[in-house]
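# Generate a structure from the sequence data that follows.
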Amino acid sequence: LAGLSVFTLGGLCFGFDSVYPVLYSSGAFLDLCAADEAAACAARSGEERQRSCCKAQASSFVSLSSVSLFAADGVMVAYGELMDRRGARWCISVAL
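Next comes the predicted model:
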């Protein structure tokens, strides 16, 4: 039961680095780059598209992953407090 809770509460934020190439190739936060950098990035193909186009785009991804990790830690504190007060069965039954 505890192992299942850990795996389901881990979520995307702990595997965020593996999502970066997908987000880069889809053009997420590309509007933060200068117009010439964005145009050069849009012209890329293959594995080159899976890298950041500018520093502003890369720092946005770092900020996004930092916020998601901070939020996940905050939720885990609340979840741990509930788990201590109510017990594992109650928490899992509410989650389901």
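# Check which residues of the helix or strand that contains Met76 are buried.
Element membership for Met76, per DSSP states H and E: helix 55-86. Of the residues in helix 55-86, 57-58, 60-61, 64-65, 72, 83 count as buried by neighbour count, 16 or more other Cβ atoms under 10 Å. For the C-beta atoms, the positions are set from N, CA and C on the backbone; glycine is no exception.
# okay, the helix or strand following that helix in PDB with CA atoms only?
Counting by DSSP H and E, the next helix or strand C-terminal to helix 55-86 is helix 88-95. C-alpha atoms of helix 88-95 as PDB (Å, rounded to 0.1, in the frame of the first residue of the first chain):
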ATOM      1  CA  ALA A  88      -3.400   4.900   5.500                       C
ATOM      2  CA  ARG A  89      -6.700   3.200   4.800                       C
ATOM      3  CA  TRP A  90      -8.700   6.400   5.300                       C
ATOM      4  CA  CYS A  91      -6.400   8.300   3.000                       C
ATOM      5  CA  ILE A  92      -6.500   5.700   0.300                       C
ATOM      6  CA  SER A  93     -10.300   5.300   0.500                       C
ATOM      7  CA  VAL A  94     -10.700   9.100   0.100                       C
ATOM      8  CA  ALA A  95      -8.300   9.100  -2.800                       C
END
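# ok and helix 88-95 relative to helix 55-86, angle-wise?
With axes from the mean of the first three to the mean of the last three Cα atoms, to 10 degrees applied, the angle from helix 88-95 to helix 55-86 works out at 130 degrees.
# What about Trp90, how many residues nearby?
12 (other Cβ atoms under 10 Å).
# my bad, Ile92
14.
# For Pro21, see how far away it is.
35 Å (Cβ to Cβ, to the nearest Å).
# Output the lowest mean pLDDT helix or strand found in the protein.
helix 2-10 (a mean of 63; mean pLDDT, DSSP states H and E).
# Quick check: closest non-adjacent residue to Cys41.
Distance criterion Cβ to Cβ, 6 or more residues apart in numbering; nearest residue to Cys41, sequence neighbours excluded, is Cys53 at 3.5 Å.
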